[in-house]
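Enquirer: Kindly generate the corresponding structure for this input.
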Amino acid sequence: MAPLHAAPPPPSACSSSPAAGPAFLARPHHHHRRAVAASCCSPAVTAAAAPSRKAFLSCPDHSPGRALAPPRVTPSSSPALVASVKDLYDFICSGPLVDRIGYTKEKVAESIDRWLRCGSQIARLFRLNELQLSEAEKVRIYHFYIPVFLWCEDQVTEHRAKYKEGDDIPPLVIGVSAPQGSGKTTLVFTLDYLFRVAGRNSTTLSIDDFYLTAKEQNELRDRNPGNALLELRGNAGSHDLQFSVETLESLTKLTKEGMKMKVPRYDKSAFGGRGDRADPSVWPDVEGPLEVILFEGWMLGFKPLPNEVVKAVDPQLEVVNKNLEAYYNAWDRFIESWIVIKIREPNCVFQWRLQVITRLSKQVRCRIHDNYGLQFLKFLLVFLQAEIAMRADGKPGMSDEEVMDFVSRYLPAYHAYLPTLYKEGPNGSKPEQLLVIDIDEGRNPLWGS
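Expert: Predicted structure coming up:
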């Protein structure tokens with residue numbers, strides 16, 4: 001999956017959205033210690049939603065000058081909105097990730113304002129009417145994106161608590177491992193946005209940023225004649241590991257204000273879609289102090305296996321498996337907290353990839369003259385960029401068969417390495433720092449298997 005290159009639009013850019021948000025979502029921003037505000041909830045709400053008398057907590061936002069919702073009015077003046085809060089509370093508690101992120105019904109009730117605030121922000125980000133969300137939109141926001149963000153926030157808080165006041169605190173690196181097309185990139189985009197709204201300086205990085213240059217990829221292909229898995233970018237061996245280590249080490253040292261560095265980007269449209277590293281002149285700047293690095297990739301956390309195991313899947317995997325031995329020291333050792341998106345059938349990747357291409361090409365046509373749409377597309381044009389642009393212009397692009405051929409070069413690795421990843425977790429991961437999210441064919445979270 002390609003990285004999310006641009007910074008998310010600031011909240012002010014979203015405030016003109018038609019879905020401006022109901023009055024009950026507003027809350028003064030707090031210092032990140034989550035100072036408790038005075039409770040203004042009516043007895044009807046507390047009785048219905050079963051929270052304690054403790055004040056509700058907002059989604060953290062301690063950056064200055066942010067006005068994300070209109071002034072608050074008390075729920076007692078809006079009975080219809082009170083009912084909707086109760087309904088939403090019940091819906092949140094029915095989600096499959098609530099238990100997995102360590103939330104009880106009581107904890108959801110105590111933090112309901114935080115869920116509402118985050119829901120309002122996500123709705124604005126994607127230009128949805130938060131009062132008229134479809135069932136699918138409610139599931140994606142309140143059963144998926146917000147629970148994962150709250151888990152990440154807790155991970156960041158615990159990470160920073162390990163250091164003393166005055167220490168240089170390195171950013172927490174959160175690894176997001178998921179197959180192509182599974183919704184990983186949109187999830188990372190949303191998490192990055194919510195972190196920034198919360199006042200945390202975050203950045204995103206993809207394993208795609210470290211692909212070999214076009215020249216080096218051609219040399220890799222020539223050294224492995226006839227091996228379809230190394231003919232194009234993607235599998236272990238097609239990344240510049242030394243370059244990735246240098247980049248990650250530099251990013252984790254961005255602990256002070258004024259520190260800055262450029263991060264690499266990869267141009268997938270170069271050389272007719274074969275790709276090449278983008279020119280450094282277009283690499284974005286990242287400034288310190290960083291608190292969070294969201295590092296995503298389709299093969300993050302894969303572990304090398306006994307040779308006979310990979311040969312049984314595909315003999316071409318032998319070289320890939322040997323290459324994979326170096327990847328732990330290059331990537332996984334930097335990652336402290338892990339999100340693993342678990343799929344039930346790797347062949348879903350075919351259909352997801354085709355769906356994303358079709359959807360994005362439509363979005364290009366629909367939003368290209370929309371200022372918000374231009375920012376939106378910077379995040380969502382995540383792979384096969386030349387292909388999407390051709391389809392958007394009405395030109396013949398890669399056929400479905402060609403897309404399937406492209407994806408098929410990844411499938412042997414999925415079949416070989418995903419079972420171990422799901423059974424054992426990534427290298428070095430700890431249970432309390434690992435969130436596994438089972439998803440269905442619609443890319444929505446399931447109850448754990």
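
Enquirer: Just the buried residues of stretch 281-296, please?
Expert: 283, 286, 288, 290, 291, 292, 293, 294, 295, 296 (16 or more other C-beta atoms under 10 Å). For glycine as for every other residue, the C-beta is placed from the backbone atoms N, C-alpha and C.

Enquirer: Between the residues you listed, which sits nearest residue 193?
Expert: For those, the minimum distance to residue 193 (C-beta to C-beta) is 10.8 Å, reached by residue 294.

Enquirer: That closest one looks like it's in a strand, true?
Expert: Yes. Applying DSSP: H, G, I helix; E, B strand; the rest coil, one finds residue 294 inside a strand.

Enquirer: Provide the partner residues of it in its beta bridges.
Expert: The partner list for residue 294 in beta bridges (DSSP bridges) reads residue 174, residue 204.

Enquirer: quick one: contacts for it?
Expert: Counting by C-beta atoms under 8 Å, 6 or more residues apart in numbering, residue 294 makes contact with 174, 176, 188, 191, 192, 202, 203, 204, 205.

Enquirer: who touches the second one in this structure?
Expert: What that stands for is residue 176. 184, 187, 188, 294, 295, 296, 297, 300, 338, 339, 341.

Enquirer: With the last one instead?
Expert: Residue 205 is in contact with 3, 247, 248, 251, 263, 293, 294, 295, 296, counting by C-beta under 8 Å, 6+ apart.

Enquirer: ok, these vs residue 316, which is closest?
Expert: For these, the nearest to residue 316 is residue 296 (25.5 Å; C-beta to C-beta).

Enquirer: gap between the closest residue to residue 255 other than its chain neighbours and residue 97?
Expert: Once flanking residues are discounted, residue 255 sits nearest to residue 168: 4.2 Å by C-beta to C-beta, 6 or more residues apart in numbering. Going from residue 168 to residue 97 by C-beta to C-beta, to the nearest Å gives 33 Å.

Enquirer: okay, those two: which has more neighbours?
Expert: residue 97 (24 against 11; other C-beta atoms under 10 Å).

Enquirer: Which strand or helix spans that one?
Expert: Under DSSP states H and E, no helix or strand contains residue 97.

Enquirer: Just the pLDDT at residue 399, thanks.
Expert: Residue 399 is assigned 52 on the pLDDT scale.

Enquirer: How about residue 197?
Expert: At residue 197, pLDDT is 95.

Enquirer: repeat for residue 11
Expert: Listed pLDDT for residue 11 reads 39.

Enquirer: Now do the strands in the protein.
Expert: Assignment of strands within the chain using DSSP state E yields the ranges 172-177, 202-206, 260-262, 266-267, 276-277, 285-287, 292-297, 337-342, 434-438.

Enquirer: Take those and lay them out in TSV including mean pLDDT and distance to residue 240.
Expert: Shown next, in TSV, are the strands of the chain (pLDDT from 0 to 100; distance: least, C-beta to C-beta, whole Å):
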stretch	mean pLDDT	distance to residue 240
strand 172-177	98	19
strand 202-206	95	13
strand 260-262	96	16
strand 266-267	92	10
strand 276-277	94	8
strand 285-287	95	19
strand 292-297	97	14
strand 337-342	96	23
strand 434-438	95	28
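
Enquirer: do you know which of those lies nearest residue 416?
Expert: strand 172-177 (14.8 Å).

Enquirer: which one of the contacts of residue 205 is nearest residue 101?
Expert: residue 294 (16.9 Å).

Enquirer: what's the spacing between that closest one and residue 287?
Expert: 16 Å.
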